[in-house]
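[1] Quick one: sequence and predicted model below, then my questions.
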Amino acid sequence: MRPSELRLSETTHRHDVTPTHGRLRHRVAMLTAAGILLFIGLGFVDFLSRVPPSEERPSRNADGIVVLTGGSSRVSDALELLSMGYGRRLLISGVHPTNGYSDIQRSLPDSQRLLACCVDLDRSAVNTRSNATETRRWAMERGFHSLIVVTSNYHMPRAIVELSHSMPDIELVPFAVVGEKWREEPWWTSGAALRLLLSEYAKYLFAQTRVAFGGVGQGGMPEIGTQAPSPSKPATVSAN
């Protein structure tokens, strides 16, 4: 075969193969993207199955109760559980440094007796990870082996991931607080509720991934999107 014929043969071969390779790469990319979307979608469904749709009393009593501040009625519900004898003592975790018992009492006038005897305030925690760290310290100091965890229903999956990682030897009993918005209409009919769930799902995935790799990044910096509560607001409405 003459050199000119050889060059023509090689050029023809390259033109025949290149489109095939391009189509193959495109298909692989499409299948990869579809797989990732399927994984995320199934994960979101699993996450939703862990979000309690309604409030239910704890399945059992515990040594103590911890409430993670940030949502309406979390603290009042935790105080109610304490008054009903579900736990011997309550930790309110994530209280603004400038807030104290008097701020809670102003918001919840009937809480004075319980605040005087059976409630501790954690002002160090700034996010869910540090909530878990401070709760572990409090539980160990008190010698508690079981805790009722009070937080909003959408926040409960991530809270359990962080708390169970921080203190695997302590039994956690969830009590999910369901806000009025969740009772009034299904979450899928509300754009705000859907955005909140998607944001919380992303944080939940990050927490699971971090925990799976040994808890890398357990610093005390506030989470993205977390705002510190205003000093003028009572501890019952501090952000998480």
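    Everything's here; your move. On a predicted model such as this, the values are computed, not experimentally measured, just so you know.
[2] what sits against the residue nearest the centre of the chain?
    By C-alpha atoms, centre = their mean, the chain has its centre lying nearest to residue 158, at 2.9 Å. Listed by C-beta atoms under 8 Å, 6 or more residues apart in numbering, the contact partners of residue 158 are 128, 200, 203, 204, 207. Bear in mind the C-beta positions are built from the backbone N, C-alpha and C, glycine included.
[3] quick one, what contacts residue 172?
    146, 147, 149, 160, 163, 164.
[4] which among those end up buried?
    Burial of the contacts of residue 172 was assessed by neighbour count (16 or more other C-beta atoms under 10 Å); the buried members are 147, 149, 160, 163, 164.
[5] tell me which element the first one falls in.
    Put plainly, it is residue 147. strand 146-152 (DSSP states H and E).
[6] Please put the alpha-carbon coordinates of stretch 176-194 into CSV.
    Only the C-alpha atoms of stretch 176-194 are listed here, as CSV (Å, rounded to 0.1, in the frame of the first residue of the first chain):
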residue,chain,number,x,y,z
ALA,A,176,-40.7,15.7,67.5
VAL,A,177,-42.4,19.1,67.7
VAL,A,178,-44.7,19.7,64.7
GLY,A,179,-45.4,23.4,64.0
GLU,A,180,-48.8,24.8,63.1
LYS,A,181,-47.7,25.3,59.4
TRP,A,182,-47.1,21.5,59.1
ARG,A,183,-50.5,20.7,60.6
GLU,A,184,-52.4,23.1,58.4
GLU,A,185,-51.3,22.0,55.0
PRO,A,186,-49.1,19.2,53.5
TRP,A,187,-45.5,20.1,53.0
TRP,A,188,-45.6,19.4,49.2
THR,A,189,-48.2,22.2,48.8
SER,A,190,-45.9,24.8,50.3
GLY,A,191,-42.9,26.1,48.5
ALA,A,192,-41.4,27.4,51.8
ALA,A,193,-41.8,24.0,53.4
LEU,A,194,-40.2,22.2,50.4
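[7] Quick one: distance of it to the chain centre.
    Distance of stretch 176-194 from its chain centroid, counting by C-alpha atoms, centre = their mean, to the nearest Å, is 17 Å.
[8] Name the residues that touch it?
    Stretch 176-194 has contacts (C-beta under 8 Å, 6+ apart) with 51-56, 71-74, 77, 150-153, 156, 197.
[9] Check which element follows the helix or strand of the chain with the lowest mean pLDDT along the chain.
    When the helices and strands of the chain are scored by mean pLDDT, DSSP states H and E, helix 3-49 comes last with a mean of 66. Once the chain leaves helix 3-49, the next helix or strand it forms, by DSSP H and E, is strand 64-68.
[10] Toward the C-terminus, what is the element adjacent to that next one?
    The C-terminal neighbour of strand 64-68 among helices and strands, as given by DSSP H and E, is helix 74-83.
[11] So for that following helix, mean pLDDT?
    Average pLDDT, helix 74-83: 95.
[12] Stretch 128-137 now?
    The average pLDDT for stretch 128-137 rounds to 96.
[13] Which among the contacts of stretch 176-194 count as buried?
    Neighbour counting with 16+ other C-beta under 10 Å marks 51, 52, 71, 73, 74, 77, 150, 151, 152, 153, 156, 197 as buried within the contacts of stretch 176-194.
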